[in-house]
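Participant: one predicted model, sequence on top.
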Amino acid sequence: MSEIILAIDAMGGDFGPRSAVPAIKRALSVYGDLRFLVYGQENMALPYLRECSLAKDDRVILRHRPHAVTNNLSPLAALRLRDSSSLYAAVAAVKEGEASGVVSAGSTGALVTISDYVLGRIPGISRCSLGKIIPTFDRHNPASVLLDLGANLAQTREVILQNALIGSIVARCFMNISRPELAILNVGSEGSKGPAYLQEAARDLRDAEFCSFRGFAEGSDIFSGRFQVIVTDGFSGNIALKTAEGLYRGLAERSGLRGNNFFLAPIRHFFKRKIGIMQPDKYNGSTLLGLNGIAVKSHGSASQMAFMNAIIQARLQCVNRLPELIASQLTSMKR
């Protein structure tokens, strides 16, 4: 069995090793091919490794780093910490070939900046993007690719076109769709809506061979299953995703469906069957696309189960050699 070694930034996110270490234990119980390099402050991480009976497990190696990249630290300041931080060291392990991928729940900006600097981009990619395959309510088209989710806040025609290309490659490789139906997220579906850079990108995509361009999508289309790829800039994409996550959690926590009232049973069943598939923890983990390496961003407030799902995402991408797939598909599309 070929081993897959993942580097974990154990200090990232709201919970640090309290969430990351139990997630590692869960992942090891499911996947026999996984091994971990855990980067973090020893006095913080080691107690959780002991609690999870992983301190002497040869599948888990703890590497002490004195600094953690906090959310109030700017990306450039995080970069200057270099190998003394758990985040930088975990990314560097991928660059040096010690690990096949990295998972962090830390600052998105810091992860993007450090990964871009350390790993570099695939030739032909000008900016990396955060993307993920999200669930939809359409059983015939149960998933869509959504990007960018926050890696690049710039709003330009070039960014939209590149996201369209990368999103189409992901749909081709992981959803087995040779020419996905693609739309640009906009304030309306009418062709005249939106700023100039979206109008320009739409004109360029009309004759694209790598996708079947369907025009503009509205926010209400994101989970409809109408489109297999939806592209936007990181500013709009991040807001859209977090709005959806907040809505789900608000419904789950405040709907009153947790009581034992007999009359709530049909509503509770509907919620679990229809809306439960959208549970953010099940789909935790966005991927930095366009890099010469695998980097998965977990939600900062991820639970143990959610962080494990980010680990599973990273493992799947390692098995499928995602960067190589994107590079080869990019080359073939440009011929």
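Facilitator: Nice, thanks for sending it over.
Participant: can you give me the strands for the stretch 101-250 of the chain?
Facilitator: With strands called from DSSP state E, counting those that start in this stretch, the stretch 101-250 of the chain shows them at 101-104, 129-135, 143-147, 181-185, 212-217, 229-231.
Participant: redo those strands as CSV? Include distance to Ala164 and mean pLDDT.
Facilitator: From N, CA and C alone the C-beta is placed, and that goes for glycine too. Converted to CSV, the strands of the stretch 101-250 of the chain look like this (distance: least, Cβ to Cβ, whole Å; pLDDT from 0 to 100):
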stretch, distance to Ala164, mean pLDDT
strand 101-104, 25, 98
strand 129-135, 10, 91
strand 143-147, 9, 93
strand 181-185, 6, 96
strand 212-217, 8, 95
strand 229-231, 5, 96
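Participant: tell me which of these sits nearest to Ile294.
Facilitator: Proximity to Ile294 (Cβ to Cβ) singles out strand 101-104 among the strands of the stretch 101-250 of the chain, at 3.4 Å.
Participant: if I look at Met305, how far off is Asp57?
Facilitator: Met305 is 20 Å from Asp57, where distance means Cβ to Cβ, to the nearest Å.
Participant: one step back: closest to Asp116 out of the strands of the stretch 101-250 of the chain?
Facilitator: The closest of the strands of the stretch 101-250 of the chain to Asp116 is strand 129-135. By Cβ to Cβ, the value is 11.0 Å.
Participant: neighbouring strands - and their directions - for the closest one?
Facilitator: Applying DSSP bridges, strand 129-135 is found paired with strand 143-147 (antiparallel), strand 286-289 (antiparallel).
Participant: convert the C-alpha atoms of it to CSV, please.
Facilitator: Output in CSV follows, covering the C-alpha atoms of strand 129-135 (Å, rounded to 0.1, in the frame of the first residue of the first chain):
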residue,chain,number,x,y,z
SER,A,129,-8.1,30.4,-6.7
LEU,A,130,-10.0,28.6,-3.9
GLY,A,131,-12.6,26.2,-5.2
LYS,A,132,-14.7,23.4,-4.1
ILE,A,133,-17.3,20.9,-5.3
ILE,A,134,-20.6,21.9,-3.6
PRO,A,135,-23.8,19.9,-3.3
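Participant: what does it contact?
Facilitator: Contact with strand 129-135 is made by 108, 112, 142-152, 159, 162-163, 166-167, 170, 174-175, 222-223, 234, 237, 277-278, 282-283, 285-290, 297, as judged by Cβ atoms under 8 Å, 6 or more residues apart in numbering.
Participant: quick one: which of those residues sit in helices?
Facilitator: Cross-referencing the contacts of strand 129-135 against helices under DSSP state H gives Thr108, Val112, Val159, Gln162, Asn163, Ile166, Gly167, Val170, Phe174, Gly234, Gly237.
Participant: isn't the third one right next to Asn152, touching?
Facilitator: When you say that, I think you mean Val159. Yes: Val159 is within contact range of Asn152, at 6.0 Å (criterion: Cβ atoms under 8 Å).
Participant: find residues that contact each of these two.
Facilitator: Common neighbours of Val159 and Asn152, using Cβ under 8 Å, 6+ apart, are Arg127, Ser129, Asp233.
Participant: quick one, what contacts the first one?
Facilitator: Pointing back at Arg127 there. Shown in contact with Arg127 (Cβ under 8 Å, 6+ apart): Arg121, Ala151, Asn152, Ala154, Val159, Gln162, Gly290.
Participant: show me what the closest residue to the second one other than its chain neighbours is bridged to.
Facilitator: Spatially, and ignoring its direct neighbours in sequence, Ala151 is nearest to Leu130 (4.1 Å; Cβ to Cβ, 6 or more residues apart in numbering). Beta-bridge pairing of Leu130, defined through DSSP bridges, involves Leu288.
Participant: low-confidence stretches in this protein?
Facilitator: The model of the chain has pLDDT under 70 over residues 1, 251-280, 333-335.
Participant: break it into its domains for me.
Facilitator: Listed by automatic domain parsing, the domain ranges of the chain are 1-125+290-335, 126-283.
Participant: most neighbours per residue, which of those?
Facilitator: Of the domains of the chain, the one with the most neighbours on average (mean count of other Cβ atoms under 10 Å) is domain 1-125+290-335, at a mean of 20.
Participant: so how far is that one from its chain's centroid?
Facilitator: Distance of domain 1-125+290-335 from the chain centroid (Cα atoms, centre = their mean, to the nearest Å) equals 12 Å.
Participant: also stretch 193-204?
Facilitator: Worked out by Cα atoms, centre = their mean, stretch 193-204 lies 26 Å from the chain centre.
Participant: go on, stretch 287-296?
Facilitator: The chain centre lies 9 Å from the centre of stretch 287-296; the measure is Cα atoms, centre = their mean.
Participant: list the contacts of that stretch.
Facilitator: For stretch 287-296, the external contacting residues (Cβ under 8 Å, 6+ apart) are 91, 94-95, 100-104, 111-112, 115-116, 119-122, 125, 127-132, 147, 151, 162, 166, 170, 285-286, 297, 310-311, 313-314, 317-318, 322-323, 326.
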